[in-house]
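Q: Just a sequence and a predicted model for now, questions to come.
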Amino acid sequence: MTAFIKVHNPANGEFIQEVPISTQDEIKKAIIKGHGSFKSWSKVNAHERSRLLREWAQKIQEQKEDIAVLMTKENGKPLCESLGEVDYATSYIDWYAEEAKRIYGRTIPASTESKRIIVSRVPVGLVAAITPWNFPAAMMTRKAAPALAAGCTFIVKPAEETPLTSIKLIELAHEVGFPMDVIQYVNGDGKSVGELFTSSPYVRKITFTGSTPVGKSLIKNSSDTIKHVTMELGGHAPLIVAEDADIDLAVQQTIATKFRNAGQTCVCANRLIVHESIVETYSSKLIHAVSQLKVGNGLEKTTDIGPIINEKGFNKIVSQIKNAVDQGAEVMIGNHFDASSEDGYFFVYPTVLKNVNSSMTIMQEETFGPVAPIISFNKLEEAIEIANSTPYGLAAYFFTNDYRTGTYLTEHLDFGIIGWNDGAPSGAHVPFGGMKESGLGREGGPEGIESYLETKYLSIGNL
Ligand code: NAP
C-alpha cells in the first residue's frame with residue numbers, strides 16, 4: 001500500500017495536499033535512470049542546455065504568484081517573502097543558463113615539441129541533492145541550475161514539510177523540455193533516502209543544505225564511494241554594531257536579517273554585539289521597530305512574521321529564551337507565544353533580550369527563530385572574540401562608517417560571508433557558503449558551477 005506525506009499549513013494546521021513517499025525500489029530506479037540519462041545529457045551542447053534553463057526560468061516567472069501562494073501555504077512565510085524567493089530561485093537558473101556557455105578548458109605549453117596538452121572540464125555525473133524547508137524553491141534551484149548547466153543529471157529529495165514547491169518547479173522543468181530522467185525528485189524521510197543516495201556508486205556528488213549534524217553524517221557516508229560533496233550547513237551569525245555606526249541603518253538591517261522568515265534562515269543574525277556607548281540607543285530603536293512587526297498567517301497582507309515550521313523548532317526557541325531569562329537576561333519585548341500542538345501551529349512573537357552573556361545557550365547554539373539577544377562590548381577585540389567563539393562560520397555582519405574599523409573586522413572575522421553595512425548579502429552572482437562547521441564549497445557565482453565539474457587532462461604525444 002502506498003504511504004503518503006501529508007503536507008499541512010504551519011499557520012493553522014490545515015491539510016494542504018499529500019504526496020506519495022517513494023519506495024526504496026523507486027528511489028533505486030530513479031538513481032539508475034539518472035545515471036543512465038547522464039550519457040546523453042552530458043553530450044547535449046552547452047547552448048541547448050542554456051536555452052532550456054532560460055525557458056525554465058521564464059516558465060517559473062509566468063507562474064510566480066501561484067508558486068508563491070503554494071510556498072506560503074506549506075512553509076508559512078509571508079507572501080511577499082515567497083514572491084521574493086521565487087525571484088531569488090529564478091535568478092540562479094538565469095545566472096547558470098549563462099555560465100553553461102562559459103565552461104572553459106585551457107591548453108598548456110608542453111615540455112617537448114612532440115607533445116600537446118589540453119585540459120577540459122567535464123560534468124561529475126549524477127548529482128543527488130537534499131534540501132531544507134526554509135527556502136523550498138531557492139535551495140533546490142541553487143543546486144539544480146549549476147548541475148544541469150554543467151551537464152550533470154539531478155535528483156532532489158525535498159524536506160518532508162515542504163515538498164510541494166520543489167515538485168511544482170520540477171514539473172515546470174519537464175514542461176519546457178528537460179527529459180524526465182535528467183531532473184527528478186523523490187520523497188521520503190531524510191535518513192533513509194540519504195543512505196540510498198550515499199551508498200550508490202552511481203551518485204557522483206551529494207549536495208546538501210541543512211543542519212551540521214546531518215551534513216557530517218552525509219560526508220561520512222559518502223566516503224566509501226569517494227563522492228564530491230557540497231555542504232551548506234548551520235550558522236550562528238554575529239552582528240556587530242560599532243561605536244560610530246549609523247544606528248538607524250543598523251536597526252533597519254537588523255530587522256531585515258534577523259526577522260526574515262521568522263528568523264528561520266541559516267544566515268540570520270543570531271547574536272547582536274553592540275558597543276556599550278550606543279547600546280541603549282540601538283536597543284530602544286530596535287524595540288520600537290520590532291513592536292511594529294505583525295505576526296500572523298503569511299497569506300494575510302499585513303503579516304511580517306509567519307509561524308515556526310514545527311513543534312520541534314518551536315520548543316528549541318522557547319527553551320533558549322527560558323534558559324537566557326533564568327540566567328538573568330531581560331526581556332525587552334516579546335517572550336510571547338501563540339501555539340497549539342493539537343491544532344498544529346506555533347507562533348513566536350519577535351523577542352529582544354538584553355543583558356545576555358556568552359554562557360547562555362542562545363549565544364552558543366543556532367536559534368532558528370525571531371529572537372534577538374543583545375550583548376555589549378567595549379573594545380573591538382572583545383567583539384571579535386565573541387563573534388568567532390563558535391564552531392560555525394557562515395555569515396557575519398557589522399556596521400561602521402570607519403574604514404579602519406571595517407577593514408579590521410573584515411580581516412579578523414572567520415566567516416564565509418560578510419555584510420558591511422549590509423544585512424542582505426546573498427545573490428546568484430556571489431559565492432555563498434561557510435567556513436568551519438558551516439560547510440564545504442560554495443553555491444552561487446562562478447564558484448557554484450566549479451563543484452559540478454571534473455578536470456580531465458589530455459597529453460598528445462609522438463607529434
Ligand atoms: P535538517 O534536519 O538537516 O533537514 C534538512 C534536510 O535534510 C531535510 O530534507 C531532511 O529530510 C534531511 N535529513 C534529515 N535527516 C537526515 C539524515 N540523517 N540523512 C540525510 N538527510 C536528512 O535541517 P532542518 O532542521 O530541516 O533545517 C534547519 C537547518 O538547516 C539549520 O541548522 C540551518 O542553519 C540549516 N540551513 C543551512 C542553510 C545554508 O545554506 N547553509 C540553508 C538553510 C538551512 P526530512 O526532514 O524531510 O526527513
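A: Yep, that arrived.
Q: So the residue in the stretch 1-150 of the chain positioned nearest to the ligand, which state does it fall into?
A: Nearest residue of the stretch 1-150 of the chain to the ligand (C-beta to the nearest ligand atom) works out as Pro132 at 4.1 Å. No exception for glycine: its C-beta is placed from N, CA and C like everyone else's. Three-state call for Pro132 (DSSP: H, G, I helix; E, B strand; the rest coil): coil.
Q: That one against Thr209, yeah?
A: Yes - between Pro132 and Thr209 there is a contact under C-beta atoms under 8 Å: 5.3 Å.
Q: quick one: average confidence on the helix or strand hosting Thr254?
A: For Thr254, the host element (DSSP states H and E) is helix 247-259. Taken as a whole, helix 247-259 has a mean pLDDT of 98.
Q: what does that helix rub up against?
A: With C-beta atoms under 8 Å, 6 or more residues apart in numbering as the contact definition, helix 247-259 has outside contacts at 237, 239, 241, 267-269, 272, 278, 281-282, 285-286, 289-290, 293, 304-305, 350, 370, 372, 397, 399, 419, 421-424.
Q: do that again at 6 Å, thanks
A: Applying C-beta atoms under 6 Å, 6 or more residues apart in numbering, the contact partners of helix 247-259 are 241, 268-269, 281-282, 285-286, 289, 350, 370, 372, 399, 423-424.
Q: Go through these and flag which are in strands.
A: Those of the contacts of helix 247-259 mapping onto strands are Val241, Ala269, Ala372, Phe399, per DSSP state E.
Q: quick one: Ile374 from the ligand, how far?
A: Remark: distance between Ile374 and the ligand (C-beta to the nearest ligand atom, to the nearest Å) = 21 Å.
Q: ok, then the element right after the strand or helix carrying that residue?
A: Per DSSP H and E: Ile374 is located in strand 371-377. For strand 371-377, the following helix or strand on the C-terminal side (DSSP H and E) is helix 380-388.
Q: Sketch out the strands for the stretch 301-450 of the chain, chain order is fine.
A: In the stretch 301-450 of the chain, the strands defined using DSSP state E, counting those that start in this stretch lie at 330-333, 337-340, 345-348, 351-354, 371-377, 392-393, 395-399, 417-420, 435-436, 439-440.
Q: any idea how far the fifth one is from the chain center?
A: Translated: strand 371-377. 24 Å (C-alpha atoms, centre = their mean, to the nearest Å).
Q: Which residue is the nearest non-sequential neighbour of Ile103?
A: Leaving aside its sequence neighbours, Ile103 sits nearest to Arg121 (C-beta to C-beta, 6 or more residues apart in numbering; 5.1 Å).
Q: Buried ones in the helix or strand containing the one you found, by neighbour count?
A: Following DSSP H and E, the helix or strand that holds Arg121 is strand 116-123. Within strand 116-123, the residues that count as buried by 16 or more other C-beta atoms under 10 Å are Arg121, Pro123.
Q: Run me through the strand neighbours of it, direction for each.
A: Strand 116-123 has the following strand partners under DSSP bridges: strand 106-108 (antiparallel), strand 453-460 (antiparallel).
Q: now what about it, what contacts it?
A: Outside strand 116-123, the residues that reach it (C-beta under 6 Å, 6+ apart) are 42, 103, 105-108, 110, 150-152, 453-454, 456-460.
Q: still on that earlier bit, quick one: buried ones out of the contacts of helix 247-259?
A: Here, 16+ other C-beta under 10 Å leaves Val241, Cys268, Ala269, Tyr282, Lys285, Leu286, Ala289, Pro350, Pro370, Ala372, Phe399, Gly423 buried among the contacts of helix 247-259.
Q: What residues does this structure have near the ligand?
A: 130-134, 157, 159-160, 189-191, 194, 209-211, 214, 217-218, 232-235, 266, 366, 368, 394, 439 (C-beta under 6 Å from any ligand atom).
Q: pLDDT on stretch 421-432, on average?
A: 97.
Q: next one: stretch 23-41
A: Mean pLDDT, computed over stretch 23-41, is 98.
Q: And stretch 354-366, by the same measure?
A: 96.
Q: circling back to that earlier point, can you dump the C-alpha atoms of the helix holding Thr254 in CSV for me?
A: C-alpha atoms of helix 247-259 as CSV (Å, rounded to 0.1, in the frame of the first residue of the first chain):
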residue,chain,number,x,y,z
ILE,A,247,22.3,53.4,14.2
ASP,A,248,19.2,53.8,12.1
LEU,A,249,20.8,51.8,9.2
ALA,A,250,22.0,49.1,11.7
VAL,A,251,18.5,48.8,13.2
GLN,A,252,16.8,48.6,9.7
GLN,A,253,19.2,46.0,8.5
THR,A,254,19.0,44.0,11.8
ILE,A,255,15.2,43.8,11.3
ALA,A,256,15.8,42.6,7.7
THR,A,257,18.4,39.9,8.6
LYS,A,258,17.0,38.8,12.0
PHE,A,259,13.3,38.5,11.3
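Q: follow-up on the earlier one: export the strands of the stretch 301-450 of the chain to a markdown table and tack on distance to Ala245?
A: Shown next, in a markdown table, are the strands of the stretch 301-450 of the chain (distance: least, C-beta to C-beta, whole Å):
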| stretch | distance to Ala245 |
| --- | --- |
| strand 330-333 | 19 |
| strand 337-340 | 32 |
| strand 345-348 | 28 |
| strand 351-354 | 18 |
| strand 371-377 | 13 |
| strand 392-393 | 23 |
| strand 395-399 | 4 |
| strand 417-420 | 11 |
| strand 435-436 | 25 |
| strand 439-440 | 29 |
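Q: out of those, deepest packed?
A: Most buried of the strands of the stretch 301-450 of the chain by mean neighbour count (mean count of other C-beta atoms under 10 Å) is strand 395-399; its value is a mean of 29.
Q: Show the backbone phi and psi for the nearest residue to Val7 once chain neighbours are set aside.
A: The shortest distance from Val7 to any non-neighbouring residue, by C-beta to C-beta, 6+ apart, is to Ile16 (4.8 Å). Main-chain torsions, Ile16, degrees, to the nearest 10: phi -100, psi -50.
Q: How about the contacts made by Ile16?
A: Val7, Asn9, Lys73.
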